[in-house]
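In: what's the 3D shape of this:
(chains A, B and C)
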Amino acid sequence: MSPPAGRALFTGFVAVAIGFVVLAAGLSLGGYDPVLSLGALWRGAFGSWYALTSATLVRAVPLIILGLGVALAFRAGVFNIGADGQFYAGAIAAAWIGVRVAAWPSVAAIGAVLIAAVIAGMLWIAIPVLLKIRFGVLEVISTLLLNFVAEAMVSYAVTGPMQETKGIYPQSDAIALVARLPGPQGTRLHAGFLIALFLAVLLWLLFTRTAWGFRLRAVGLGPLAAEVSGRIPTRRVVAMALVWSGALAGLGGGVEISGVTYALFQNLSPGYGFTAIAVALLARLHPLGVILTGLLFGALEAGAQGMQREAGVPAVAVQVTEAVVILVIVLAEALTRRVGVGSWGLGNRRAPAEER
Amino acid sequence: MEADFGLLLTGFLAATVRISTPLLFAATGEMLNERAGVINLGIEGAMLAGALASAIGAVAYGPWAGVLLAVMAGMAVAGLFSLVAIGAGADQIITGTAVTLAAVGLTGTIYRTAFGPGGPGLTLPTLPAVGIPGLSAIPVLGEALFSQPVLTYLAWVLVPISFWFLFRTWWGLALRAGGESAEAARASGVPVERVQVLATLVGGAMAGLAGATLVLAQVGTFAEKMTAGRGFIAIAIVVLGRRHPVGVLLAALLFGAATALQFVFQAMGLALPYQLFLVLPYALALVALAFAARARFTARRSPLTASRSDASARR
Amino acid sequence: MRGADFALAPGEVHALVGENGAGKSTLMHIAYGMVAPDAGSILVDGRAVKLASPRDARALRIGMVHQHFTSIGGLTVGENIALAAGRLDGWTAGVVGQRLLEGIDLDAPVEALPVAQRQRLEILKALATGAKILLLDEPTAVLAPAEVDELFALVRELVQAGGAVALITHKLPEVLAVSDRVTVLRRGMVTLHGATQEQTDQSLAQAMIGDAAAGNKEQATGDRQQTSRSGQQATVRIHNIELHAGELVGVAAVEGNGHRELLRAIAGLGPLPGVQVAGRVAFVPEDRSTEGLIPAMSITENMVLGLGDDPRWARGTRLDWSAARVRTGELLEGFGIVAPGPDVPTGTLSGGNQQKVVLARALERHPTLLVLENPTRGLDARTTGEMHRRLREAANTGVTVIVYSTDLDEVLELAERVLVVWKGEVREGPTGADRRAVGAMMLGVEPRER
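Out: From the prediction side, this is the model:
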């Protein structure tokens, strides 16, 4: 294993370990039994076959897909914090199409649902992209703001035009049976998991073998040199990276509708967009690594539910762990950069104040 | 009819000022940050932490204890940010996002642990409006501007204070210099990192005040994720206000007005979906960002002069 | 630094000379408190002092004018001085400083100032801190010859008013022109020290570079083929100036007059009316670490960056990395680039080796036109000589080589034709151009007809 990869793996382990230590410390401070709580966490994720397939793996799917999207953008040196919003856009589109394709053959129905989700995600991120290209608006702020707008749209949809015909709950009608992703009986697992794996491999091949992947990396690591010496159209590369990132996030939303919930409702995403940042960073932006880290955080989130059930610890506590993981990783990258050991693939991201 | 309109206007203006106060606090703090060269996405988390802290403090010792605790909580969150992003030099955007994420998780956990899972909203001792004698008697404007909670007056007073600091003191100059070019400022003897950390802590304190205002002088209770992106809107306000105290004040009022429109429509009996008003501040922020950035953007350098405008001004 | 003594007396101009990497900047950084010495002592006015930071140096009335200006673009002139002075109002720059202020608007944004005035600002900043001892680091690098004279006059004034000036430079004519005493460093050690009037060009060069020095300059110029080219097809046309294959053309200009836009337009980075180029272009940009190379990427990857459409490794959408790696290895050998292998990040290479990578990549394009900005910036004499040799070789094989350097002497030494850019206009310097004539053109003064 090359030294940088070995170092990355080591730092990853340390980051996760520190995350858990902080969680345990916080729990005991809060009056919870840390051993019991962490045990419940483990059981919620791996305690049973059902836990594994219907909780951990299921939660890993959107995290992997969104994680790939975030990693893709990061590679080009841009930050897509709007994955949640794009996820919702995709979910809205999926739920809308999903009830209208009941008469189609299954493959076409699922295809339509997912394609609609992809397009919706791309359109949703197109707004920040245009603002960035035409007006130089920082994509960080615009994508963040649009997250809230998307949530409001979902809220409006499920209490208004898209609300179920019964009119009782704030949710949409369930999508047609043919539009649902198939999966093994007795579990909540679905074909979306295979889609996630496929996308990870595809992205990996694109990154390492193609000229496009190289240009992406060049723009992320040295935008000026890419422009001057590589004659790479940096703005266009960045814009396309964001668009594809949005596409993946939208797809995540569509997969969630088509494979798990079959209907749209509020709080469909418990912050997948933000967890995906941890997923991407911990994987050091490597698509195959994203599979592993996606599984890790899927387990974490599944376990959190178990922890809440068994030990009464609020599930939202694991977000602290996720945040700590991110902080440790960027801290490590900053410190090693100081010592001059080289970049981590997070590129020459200058402080935004300088960009303006 | 005129009396009705007058009442409506007064109510609208008063609501505008009231709603804009947390935004003003957070934006003034973030303005100082950005002038110093730091962009702190953690102010959303600091605001949320301040909100929870103010609720806890108010329940335990009264509203002013809540304010004090909120300031400390905001500074703690900002302290974490400055440790990682300034002390170690990690990427500011990612760090800020992670800090906010941590704050969301932490406040959610603490709230549920302290007050029970999904329980009914707390009722808290709040800060009432305090009229300034004489001034508050002015029709329309008087009631709107001079009959506000004390925190609002504080936020407004901070505007001239921050102006004086930034443009009439050497340390303000040093702060601005560090934001323009850290390297050059260091050469002139400015302890750039130290200034940035202080600015961040002040920004955190202001964000904490914003959270306290939200809870104790506006909503009257705490709910998870109640800041709903106000911290990010504050960043948009700073951009729109061109990082200038007066500009920030006006921009904050604009956003307050946009949200206050909700009440105007309700009073007029128009039944529009509430999500529309929910979306309005964010949409406005986006438009404001585009508008504000456009002017600076037209001066974009061509690829012919890409890297720097003057070779001697490197780094 | 291996052990050097340096003594500056009041009322004198003391030149500190050496080539790039000899240690003169390091020595001055120690004197200014920016770097802590491993051994030895610093004495000011006879007293031993410890300089923990520039602030300590400033307290002892030592000021430094850096080579790369440290003015803050977003602030005004007055604010920059106030910042340095430590007080918003009520600062003073001394008698000489007051004169420097004439003609400069305190409320003007720094960006609006021409280069020579920006340098005056740098000096003002130092004077405003009350400096009596001034350390000037390569101040003439960005000045035209006439502006250099103005600077030296100023230095004399400062010294006459009781101050002392240490002048860091690698330009020997300047040393002889303005300094009272001179200290020469080579590889961190003092090789010569004494009164300037006892020295000559040769003795200083000898002390600077050693025995290989003296003959170098003369040898170099003999290498060029002297053939007339005006009959051939033009590879570059700038308004009515034509450049042809095999010509080595120099560009002389003061910063801010448009030479960068011109060179980059020729290199194909953007359009400029009146500039037409025929054939393949290769570009060596000024800043190798941000524009030329991506430090985090390997040498191979950087090669592919600049040679992205080379059929040897670009197969449709895929890239053949092993082919690229092999060729990179060959280039490393051919150009004498010191590196553990083609897969190390270029950021780990020395400046000279990095520049060789950029040049190797440019030449690998087999261009008809090679454009270079300050290709020998920061390089030692030997690497600089290598660079010059390769440029002449390239020109001999028919490449049109266009070189810009802030060092006018380098331009004149390399080139047989000189283009001068002033206020956005391009004029050709007289053939057999001498320093004074070209220098005058750089400031907009028409050369007098003989």
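In: Grab the longest helix from chain A for me.
Out: Criterion DSSP state H: the longest helix present in chain A is helix A:106-135.
In: Can you list the buried residues in that one?
Out: Neighbour counts over helix A:106-135 (16 or more other CB atoms under 10 Å in any protein chain shown) mark A:109-110, A:112-125, A:127-129, A:131-133, A:135 as buried. C-beta here means a position set from N, CA and C on the backbone, and glycine is covered the same way.
In: Tell me how chain C divides into domains.
Out: C:13-214, C:222-280+C:367-450, C:300-365 (automatic domain parsing).
In: For B:Glu224, find the nearest of those domains.
Out: domain C:13-214 (40.7 Å; CB to CB).
In: Please see if that closest one touches chain B.
Out: Yes. Contact of domain C:13-214 with chain B (CB under 8 Å from any CB of the partner chain) involves C:54-55, C:58, C:66, C:68-75, C:79-80, C:82-84, C:86-88, C:111, C:115, C:118-119, C:125, C:142.
In: Dump the domains of chain C to TSV, plus mean neighbour count.
Out: Below are the domains of chain C laid out as TSV (neighbours: other CB atoms under 10 Å in any protein chain shown):
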stretch	mean neighbour count
domain C:13-214	18
domain C:222-280+C:367-450	18
domain C:300-365	19
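In: export these to TSV and tack on mean pLDDT?
Out: Below are the domains of chain C laid out as TSV (pLDDT from 0 to 100):
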stretch	mean pLDDT
domain C:13-214	84
domain C:222-280+C:367-450	84
domain C:300-365	92
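In: circling back: out of the buried residues of helix A:106-135, which touch chain B?
Out: Answer for the buried residues of helix A:106-135 near chain B (CB under 8 Å from any CB): A:127, A:131, A:135.
In: re the thing from before, can you pick out the ones from the residues of domain C:13-214 next to chain B that are in helices?
Out: C:54-55, C:58, C:79-80, C:82-84, C:115, C:118-119, C:125.
In: tell me the two of the residues you listed that are most distant?
Out: C:Arg55 and C:Val115 (27.9 Å).
In: Report the angle between the helix or strand following the longest helix of chain A and helix A:106-135.
Out: Sequence order places helix A:139-159 as the next helix or strand after helix A:106-135, per DSSP states H and E. When axes from the mean of the first three to the mean of the last three CA atoms, to 10 degrees is applied, the directions of helix A:139-159 and helix A:106-135 differ by 140 degrees.
In: Which single residue of chain A ends up nearest chain C?
Out: A:Gly222 (3.2 Å; CB to the nearest CB).
In: returning to that earlier point: wait, which of the domains of chain C is closest to chain A?
Out: Relative to chain A, the nearest member of the domains of chain C by CB to the nearest CB is domain C:300-365, separated by 4.4 Å.
In: which stretches of chain B form strands?
Out: Here chain B has its strands, by DSSP state E, at B:130-131, B:147-148.
In: among these, which is nearest C:Gln199?
Out: strand B:147-148 (77.6 Å).
In: Show residues contacting the closest one.
Out: Here strand B:147-148 makes contact (CB atoms under 8 Å, 6 or more residues apart in numbering or on different chains) with B:14, B:17-18, B:21, B:129-132, B:136.
In: out of the residues you listed, who's nearest C:Gly270?
Out: Closest approach to C:Gly270 among those (CB to CB): B:Thr21, at 48.4 Å.
In: Close to chain B: what parts of the stretch 301-450 of chain C are there?
Out: C:Thr406.
In: Show me where the stretch 301-450 of chain C has its strands.
Out: C:314-315, C:318-319, C:369-373, C:400-404, C:417-422, C:425-428 (DSSP state E, counting those that start in this stretch).
In: other SSEs contacting the third one?
Out: Right, the one you point to is strand C:369-373. Other helices and strands packing on strand C:369-373, by 3 or more CB pairs under 8 Å, 6 or more residues apart in numbering or on different chains; DSSP states H and E, are helix C:259-266, strand C:281-284, helix C:351-364, helix C:381-396, strand C:400-404.
In: And for residue 74, nearest residue in space, chain neighbours not counted?
Out: Since no chain was named, I'll use chain A. A:Leu285 (5.3 Å; CB to CB, 6 or more residues apart in numbering or on different chains).
In: nope, chain C
Out: Going by CB to CB, 6+ apart, C:Gly74 has B:Glu180 as its nearest residue, at 3.9 Å.
In: Let me see the contact set for the one you found.
Out: Contacts of B:Glu180 (CB under 8 Å, 6+ apart): B:37, C:72-75.
In: at 10 Å what do you get?
Out: B:Glu180 is in contact with A:353-354, B:35-37, C:72-75, C:79, C:110, counting by CB atoms under 10 Å, 6 or more residues apart in numbering or on different chains.
In: mind checking pLDDT for it?
Out: The model reports B:Glu180 with a pLDDT of 92.
In: Return the distance of it relative to C:Leu75.
Out: Here B:Glu180 is placed at a distance of 6 Å from C:Leu75 (CB to CB, to the nearest Å).
In: okay, and the common contacts of the two?
Out: In contact with both B:Glu180 and C:Leu75: C:Val110, using CB under 10 Å, 6+ apart.
In: okay, and for the stretch 1-150 of chain B, where does confidence drop off?
Out: B:1-3, B:117-121, B:136 (pLDDT under 70).
In: Go ahead and name everything in contact with stretch A:153-161.
Out: A:85, A:88-89, A:91-92, A:95-96, A:124, A:146, A:162-164, A:167, A:169-172, A:253, A:263-269, B:273-276, B:278-279.
In: Any of these buried? List them.
Out: Buried among these by 16+ other CB under 10 Å: A:85, A:88-89, A:91-92, A:95-96, A:124, A:146, A:162-164, A:170-172, A:253, A:263-265, A:268-269, B:275, B:278-279.
In: List the contacts of the closest residue to A:Ser142 other than its chain neighbours.
Out: Spatial nearest neighbour of A:Ser142, chain neighbours left out: A:Pro128 (3.8 Å); criterion: CB to CB, 6+ apart. By CB under 10 Å, 6+ apart, the contact list for A:Pro128 reads A:78, A:80-82, A:85-86, A:137-146, A:242, A:246, B:286, B:289.
In: Tell me the spacing between A:Pro128 and B:Glu224.
Out: 26 Å.
In: can you tell me how far the residue of the stretch 1-150 of chain A found nearest chain B sits from B:Val287?
Out: Nearest to chain B, among the residues of the stretch 1-150 of chain A, is A:Gly136, at 4.0 Å (CB to the nearest CB). For A:Gly136, the distance to B:Val287 equals 15 Å [CB to CB].
In: Between these two, which is the more surrounded one?
Out: A:Gly136 (18 against 13; other CB atoms under 10 Å in any protein chain shown).
In: now the helices: where do they sit in the stretch 151-300 of chain B?
Out: Taking DSSP state H, counting those that start in this stretch as the test, the helices found in the stretch 151-300 of chain B are B:170-180, B:182-187, B:192-212, B:230-240, B:245-267, B:274-297.
In: Just the buried positions in the longest one, please.
Out: Spelled out, it's helix B:274-297. Quick answer for helix B:274-297 (16+ other CB under 10 Å): B:275, B:277-286, B:288-290, B:292-293.
In: Check the second one too.
Out: By neighbour count on 16+ other CB under 10 Å, the buried set for helix B:182-187 is B:182, B:184-187.
In: Which strands or helices does it pack on?
Out: For helix B:182-187, the packing partners by 3 or more CB pairs under 10 Å, 6 or more residues apart in numbering or on different chains; DSSP states H and E come out as helix B:170-180, helix B:192-212, helix C:77-85.
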